[in-house]
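Asker: Predicted coordinates and the sequence they were generated for:
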Amino acid sequence: MPATRRDFIKTVILSTGAVFVSWNDVFSSVPASKNPSVTTASLHFSKAHELLRDGNTLPQFPYHAVTTDTVIIGGGAAGLAAAWKLKKLGRDFLLLENEPAIGGVMKSPIPQWQGIPYPLGSTYFYRYNDLYREFYNDIGVHPIETGEDALYLGKNGIFVDWWNPRNLNSLPLPVKDKDAFKKFRDILLVMPIPSYPLSAAFKDVIKKYDSISAAEYVERCGSHVLTDTMDMYARSVLGAPLKEVNAYSFLNFYSLEFGDAYQIPCYTFAGGLGEIAIKGSQYLGKDHVQTNALVVNVRNEKDNVVVNYIDLQTGASHTVHARNAIVATQKQIAKHIVKDLPEEQVKAISAIRYAPYITIALCCSAPLFPKRAFDFWISDEQRRFTDLIDVTSAPDMASGCENRTTGDFIYMLSSPRPESDRKNMQDDRWLAEFAQKTAQALAAHISDATNKIDEMHVFGWGHSMVIPTVGSHQKLYPLTAQSVGNIHFANSDNDLAPGIENALDWGFRIADDVLKS
Ligand SMILES: Cc1cc2nc3c(=O)[nH]c(=O)nc-3n(C[C@H](O)[C@H](O)[C@H](O)COP(=O)(O)OP(=O)(O)OC[C@H]3O[C@@H](n4cnc5c(N)ncnc54)[C@H](O)[C@@H]3O)c2cc1C
């Protein structure tokens, strides 16, 4: 039977494999005018896997070395924040980043479809004050507000800004459920919220909320609908089901989700947080940054740190001598490259869990929903996806076009996956088939969805999101991020909780420590 548009949507894999545009035996093609200009480079996992994970023989490294005061390894949000601080204070540093561009999970360069930039990784943030604002101002980024989220209840409607007291009562739910939503919200709005960094948090609060799962906390409200909604949230934002993440991280994160009615604005950029990476990179300039630099070795030697890296473009091997190193990669990688980690630290690091994650940009020639909102939460039974961010909504709102109903729209679909799927994140065919099945699953909720989706651009993340598991803040935190000699750690996984703010905060603080040393 010939393929129809409804059956097959053109699927572009932007992941670790090649950019994939012509699988005509599996997917129907679309008119040439609709072809995407995909410029995203693949991630450099294969070399890292070969040399770090699989323990293949490393090349010889030269004795002669570049010297610097501080070497930063990894240019995600944490590495960028540390570099910003050091540059601002006139300190010498060198940032080594494995990818062709800095950004990490913020993802740059920013991909586009029909000239519209869209995110495949981090998309929004909340804290735009104090040091965060200084950082954003210095690098020259100007965020826009996201607007509100929506709860999608299928035939029963779409409820934008549902936490707002004006709207909560109109949810088509039994009174018992609505009361549970209100109770949950009202408690969170007044209770002392568990906070990060963990080093400054009260130990008894950590103990109280890290010892129980978020599910245990939410279930006390007695509503399956609330628990189901929060389960989607936990998977999307914390990388695992509600029953697997601790109540500490969940309460910290969700306390910022109640919207403008409670004066809690949320921010983004057209194309997501990749804008921070692009402007941050311009701020740092070329002299202090080496991209395509895969670090394979970091060790203390007398009072210095020695770093070996391979230039992935030329294959040449290099050595850097520095007074300090800030390892801003995830611990999962740090444990392979930092040679003198104590055994118990390696053991604790190995116990950290990370979620594989698939993001799919649904490129549409019509809106998928009859209402505009920022993030649509849809309860898919199989949890193939949790939410869809309309990445065109905030720029539309900023330019006064929030009621637009024609033209192009892009939705970023979040699909946090169980760890057993990690091996599939580098398999183009698996990812493409997953995307096709996901589109069909979406069509079960939104009947004409597949007719409106012109293309899907798929990205598979491997170890991108640290999962704040139950007990991790007490058992793992004290060990995993310990400095070793002059080697210090900065990454959002330092606190066992994901998020751009956690990453930036660790970057700022570790740079301070290095400045004091
Ligand atoms: C799909 C997705 C969506 C998300 N959305 C949001 C969001 O909307 N808002 C939010 O607040 N948080 C979000 N998060 C979480 C947040 O993005 C991350 O917690 C945060 O950006 C991580 O920053 P980081 O600097 O700690 O680590 P990373 O971004 O992982 O940076 C580590 C860097 O180290 C580099 N590196 C690794 N190994 C080496 C090596 N051997 N040599 C040299 N360099 C190396 C990597 O290439 C990378 O650039 C999201 C996460 C995911 C996966």
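Answerer: Received the coordinates, thanks.
Asker: now stretch 295-313: how far from the chain's centre is it?
Answerer: The chain centre lies 27 Å from the centre of stretch 295-313; the measure is C-alpha atoms, centre = their mean, to the nearest Å.
Asker: And for stretch 239-246?
Answerer: Computed by C-alpha atoms, centre = their mean, the chain-centroid distance of stretch 239-246 equals 16 Å.
Asker: Which residues does it contact?
Answerer: The contact list for stretch 239-246 (C-beta atoms under 8 Å, 6 or more residues apart in numbering) reads 209-216, 218, 227, 230-231, 233-235, 238, 250, 353-355, 357, 416, 465-473, 498. C-beta here means a position set from N, CA and C on the backbone, and glycine is covered the same way.
Asker: which ones among those residues are found in helices?
Answerer: Mapping the contacts of stretch 239-246 onto helices (DSSP state H) picks out 209-210, 214-216, 218, 227, 230-231, 233, 250, 472-473.
Asker: Return the member of these nearest to Gln112.
Answerer: If you rank the ones in helices among the contacts of stretch 239-246 by distance to Gln112 using C-beta to C-beta, Tyr233 comes first, at 28.7 Å.
Asker: okay, now Trp163: neighbour count?
Answerer: By the measure other C-beta atoms under 10 Å, the count of residues near Trp163 is 23.
Asker: Going along the chain, name the helices of the stretch 401-517 of the chain.
Answerer: When secondary structure is read from DSSP state H, counting those that start in this stretch, the stretch 401-517 of the chain shows helices at 428-445, 449-452, 472-475, 477-480, 500-516.
Asker: What segments of the stretch 251-400 of the chain are helices?
Answerer: Under DSSP H, counting those that start in this stretch, the stretch 251-400 of the chain gives helices at 274-284, 331-337, 343-350, 393-398.
Asker: Rebuild the ones you listed as a markdown table, extending it with distance to Ile144, mean neighbour count and mean pLDDT.
Answerer: Formatted as a markdown table, the helices of the stretch 251-400 of the chain follow (distance: least, C-beta to C-beta, whole Å; neighbours: other C-beta atoms under 10 Å; pLDDT from 0 to 100):
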| stretch | distance to Ile144 | mean neighbour count | mean pLDDT |
| --- | --- | --- | --- |
| helix 274-284 | 10 | 22 | 97 |
| helix 331-337 | 33 | 22 | 93 |
| helix 343-350 | 37 | 16 | 97 |
| helix 393-398 | 4 | 20 | 98 |
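Asker: for the ones you listed, which one sits closest to the ligand?
Answerer: Judged by C-beta to the nearest ligand atom, the one of these that comes nearest to the ligand is helix 331-337, at 4.3 Å.
Asker: what about that closest one, near the ligand?
Answerer: Yes - against the ligand, helix 331-337 shows contacts by C-beta under 6 Å from any ligand atom at Ile333, Ile337.
Asker: now that helix, how far from the centre of its chain.
Answerer: Counting by C-alpha atoms, centre = their mean, helix 331-337 is centred 19 Å from the centre of its parent chain.
Asker: what's in contact with that helix?
Answerer: Under the contact criterion C-beta under 8 Å, 6+ apart, helix 331-337 has outside partners 48, 52-53, 73-74, 295-298, 327, 329, 341, 346, 349-350, 352, 354, 463, 480-481, 489, 491, 493.
Asker: Are any of those residues buried, and if so which?
Answerer: The neighbour count (16 or more other C-beta atoms under 10 Å) marks 48, 52, 73-74, 295-298, 327, 329, 341, 346, 349, 352, 354, 463, 480-481, 489, 491, 493 as buried among these.
Asker: next helix or strand past the helix or strand of the chain with the lowest mean pLDDT?
Answerer: Scoring the helices and strands of the chain by mean pLDDT, DSSP states H and E places helix 45-48 at the bottom, with a mean of 65. Using DSSP states H and E, the helix or strand that follows helix 45-48 towards the C-terminus is strand 66-73.
Asker: and Arg323, how many residues sit next to it?
Answerer: Arg323 has 16 neighbours, counted by other C-beta under 10 Å.
Asker: Could you check how far the residue nearest to it when sequence neighbours are not counted is from Tyr309?
Answerer: Nearest residue to Arg323 in three dimensions, chain neighbours excluded: Asp69, at 5.3 Å (C-beta to C-beta, 6 or more residues apart in numbering). For Asp69, the distance to Tyr309 equals 17 Å [C-beta to C-beta, to the nearest Å].
Asker: between the two, which one's more packed in?
Answerer: Tyr309 (25 against 14).
Asker: Pull the contacting residues for the nearest residue to Ile358 once chain neighbours are set aside.
Answerer: Distances taken as C-beta to C-beta, 6+ apart place Ser415 nearest to Ile358, at 4.2 Å, with adjacent residues excluded. Neighbouring residues of Ser415 by C-beta under 8 Å, 6+ apart: Tyr357, Ile358, Thr359, Ile360, Arg384, Phe385, Thr386, Phe434, Thr438.
Asker: buried subset of the ones in helices among the contacts of stretch 239-246?
Answerer: Buried members of these, scored by 16+ other C-beta under 10 Å, are Tyr209, Asp210, Ala214, Ala215, Val218, Thr227, Met230, Asp231, Tyr233, Phe250, Ser472, His473.
Asker: where does the second one land on pLDDT?
Answerer: If I follow you right, that is Asp210. Note on Asp210: pLDDT of 98.
Asker: Same check on the last one?
Answerer: The confidence metric pLDDT takes the value 98 at His473.
Asker: so how far is Lys437 from the residue nearest to it when sequence neighbours are not counted?
Answerer: Using C-beta to C-beta, 6+ apart and skipping residues adjacent in sequence, the residue nearest His473 is Asp210, 3.9 Å away. Noted for Asp210: a distance of 36 Å to Lys437, by C-beta to C-beta.
Asker: residues contacting Asn491?
Answerer: Asn491 sits in contact with Gly74, Gly76, Ala78, Val327, Ala328, Thr329, Gln330, Lys331, Ala334, Ala503, Trp506, where contact means C-beta under 8 Å, 6+ apart.
Asker: Check whichever residue of the stretch 101-250 of the chain sits closest to the ligand and give its pLDDT.
Answerer: Scanning the stretch 101-250 of the chain for the residue nearest the ligand gives Gly104, at 2.2 Å (criterion: C-beta to the nearest ligand atom). We note a pLDDT of 92 for Gly104 in this prediction.
Asker: can you check Thr4 too?
Answerer: 42.
Asker: Check the offset of stretch 457-470 from the chain's centre.
Answerer: The answer for stretch 457-470 is 7 Å, by C-alpha atoms, centre = their mean.
Asker: Run the contact check for that stretch versus the ligand.
Answerer: Yes - counting by C-beta under 6 Å from any ligand atom, contacts between stretch 457-470 and the ligand involve Trp461, Ser464, Met465.
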